[in-house]
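>>> could you work out the structure for the sequence below:
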Amino acid sequence: MLLALFRWTVLTGDLPRPEDWLPREDWPHPDAVGNVFGNWNKFLEYAGIKDAPPVLRKRALDERETRLEGRARQLEREEKRAADLRRQLEVARRKRDEADALRDEQARRVGELERRMAAAERRADEAEQRVAERRATAERSAAEQAPEELSDEWLRAHEAALAELEQVRAHRDLLLRDNDALEVEAERQRQAIAELSAALGGTASDEAVPAPDAADEEPASVLEAVRIARETLPHLIFCDSAEESAADSPFRRPQEIIDALRKLDRLGELYADPDGFGASLLQAAQELGLNWRTGVSELARNRWPNAYTISYDGAGLELGPHVAIGSGSGAGFVARIYLHVADGSGPVPRGLYVGHVGRHLPDTTT
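Here you go, the predicted structure:
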């Protein structure tokens, strides 16, 4: 029986079950095994074969196959989710392009109306000037001769000038109403474009959280944006690596960097309360208009450990949560702000630590 057990294990790489030997005459019957050893488990324990190399290899292969199947299912789910996100992104981009085109058309119409209004104003001024001249002429004529001596031609010309003046004024009022309506529509389109840009990771809406100081400063580079934020935002902790990465960033819209940092400062103010603020960081960040990412994959962290580790006051901090900015391809159009979120239990006090501003750190997608 033991010889049959060892032979089965070598041939199959796995331990047999009672039903494996039951229908086959060339292997001992399970009942016979039970009569000798008491039961099947005692038979396997007596043989001491559970940790034999063939069994261990088969077990390792089974575990690896299980992990690979799980990874394949996870990749399939991620691929479906990525496809859904790509479709949503395309829809959002198409809507933004339509809004941009409509905004440009509205701007063109507003410009045309402004030119027509200017022309109407000139015509009105000319008509009023002609009426004033005719009135002055009428007054002089009335002083020199009797009213009945005024010619019919002069009266007709005077009435025509008055009618033209009224017509020009009515046309001007109509243009003003049209212009007001277009201005309202243009403002609505600007808000829609801002919302779509925020959804695409682009510029934030006009309701961005202002900085405490230097609210009107427009940085000329990513490095300047970080330096302004470091001086004016009290609820963020900036590491030296933030300026180093910002100096290396070719991102073309540094104003979006400072806008995102100002919103993060508001998030840092909320997070400073150790008792919580009634929402998760993800929910609060999204409510502030930030394109928040909760972390990076363990695969990326293990593959590039130095990229996601920074130093602050001698303590090593891991980066993970980050804010996505911009859309498109290339470092000139896409930027990231990577953070370390400290809860106060580690080597640094509670708060949001800005560790990297600029280029997208390497991950499985880059």
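
>>> output the contacting helices and strands for the longest helix along the chain.
What stands out as the longest helix in the chain, according to DSSP state H, is helix 53-144. Applying 3 or more CB pairs under 8 Å, 6 or more residues apart in numbering; DSSP states H and E, one finds that helix 53-144 contacts helix 2-12, helix 152-199. Heads up, the C-betas are built off the backbone N, CA and C, glycines and all.

>>> can you pull the poorly scored residue ranges out of the chain?
141-155, 158, 172, 179-180, 182-217, 276, 328-329, 364-366 (pLDDT under 70).

>>> let me see the domain layout of it.
Listed domain ranges for the chain are 2-50, 88-199, 222-358 (source: automatic domain parsing).

>>> now do the longest one: distance to the chain's middle.
Chain-centre distance of domain 222-358: 14 Å, with CA atoms, centre = their mean, to the nearest Å.

>>> need the winner for burial among the domains of the chain.
domain 222-358 (a mean of 18; mean count of other CB atoms under 10 Å).

>>> span of it from start to end?
For domain 222-358, the first-to-last residue distance is 7 Å (CA to CA, to the nearest Å).

>>> please renumber the chain so that the first residue is 2 from this point on.
I'll keep to 2 as the first residue from here, and by that count the last item is domain 223-359.

>>> if we can go back for a sec, could you give the angle of the longest helix of the chain to helix 3-13?
30 degrees (axes from the mean of the first three to the mean of the last three CA atoms, to 10 degrees).

>>> out of the domains of the chain, which gets nearest to K81?
domain 89-200 (12.8 Å; CB to CB).

>>> re earlier: wait, which of the domains of the chain is closest to A61?
Closest approach to A61 among these is made by domain 3-51 (10.4 Å; CB to CB).

>>> helices and strands around the helix or strand that contains N36, which ones?
Here N36 sits within helix 31-38, counting by DSSP states H and E. Judged by 3+ CB pairs under 8 Å, 6+ apart, helix 31-38 is in contact with helix 19-22, helix 41-48.

>>> tell me which other helices or strands the longest one touches.
To tie it back to what came earlier, the one meant is helix 41-48. Going by 3+ CB pairs under 8 Å, 6+ apart, helix 41-48 lies up against helix 3-13, helix 31-38.

>>> who's in contact with the shortest one?
Outside helix 31-38, the residues within contact range by CB atoms under 8 Å, 6 or more residues apart in numbering are M2, P19, E20, W22, L23, W41, F44, Y47.

>>> one more time with 10 Å, if that's ok
Applying CB atoms under 10 Å, 6 or more residues apart in numbering, the contact partners of helix 31-38 are 2-3, 5-6, 17-23, 28-30, 40-41, 43-48.

>>> starting at the chain centroid, how far to that helix?
Worked out by CA atoms, centre = their mean, helix 31-38 lies 67 Å from the chain centre.

>>> helix 41-48 and that helix, what's the angle between them?
60 degrees.

>>> looking at this, A325 is in a helix?
No - A325: not assigned to a helix; according to DSSP: H, G, I helix; E, B strand; the rest coil it is strand.

>>> that one and G35: what is the separation?
According to CB to CB, to the nearest Å, A325 stands 64 Å off from G35.

>>> swap in S242?
For S242 relative to G35 (CB to CB), the value is 68 Å.

>>> and the domains of the chain: which comes nearest L76?
Closest of the domains of the chain to L76 is domain 223-359, at 11.5 Å (criterion: CB to CB).

>>> run through the residues that contact L177.
Contacts for L177 (CB under 10 Å, 6+ apart) come out as L114, M118, A121.

>>> SS state for R337?
Under the three-state scheme (three-state DSSP), R337 adopts strand.

>>> do the one 5 residues further on as well
Assigned with three-state DSSP, V342 falls in the strand class.

>>> contacts only, for the nearest residue to it once chain neighbours are set aside.
Leaving aside its sequence neighbours, V342 sits nearest to P322 (CB to CB, 6 or more residues apart in numbering; 5.6 Å). Going by CB under 10 Å, 6+ apart, P322 touches 282-283, 286, 293-297, 338-342, 353.

>>> can you redo the residues you listed as TSV with distance to E99?
Shown next, in TSV, are those (distance: CB to CB, whole Å):
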residue	distance to E99
L282	33
L283	30
A286	28
W293	27
R294	28
T295	32
G296	34
V297	34
I338	30
Y339	34
L340	35
H341	40
V342	38
L353	37
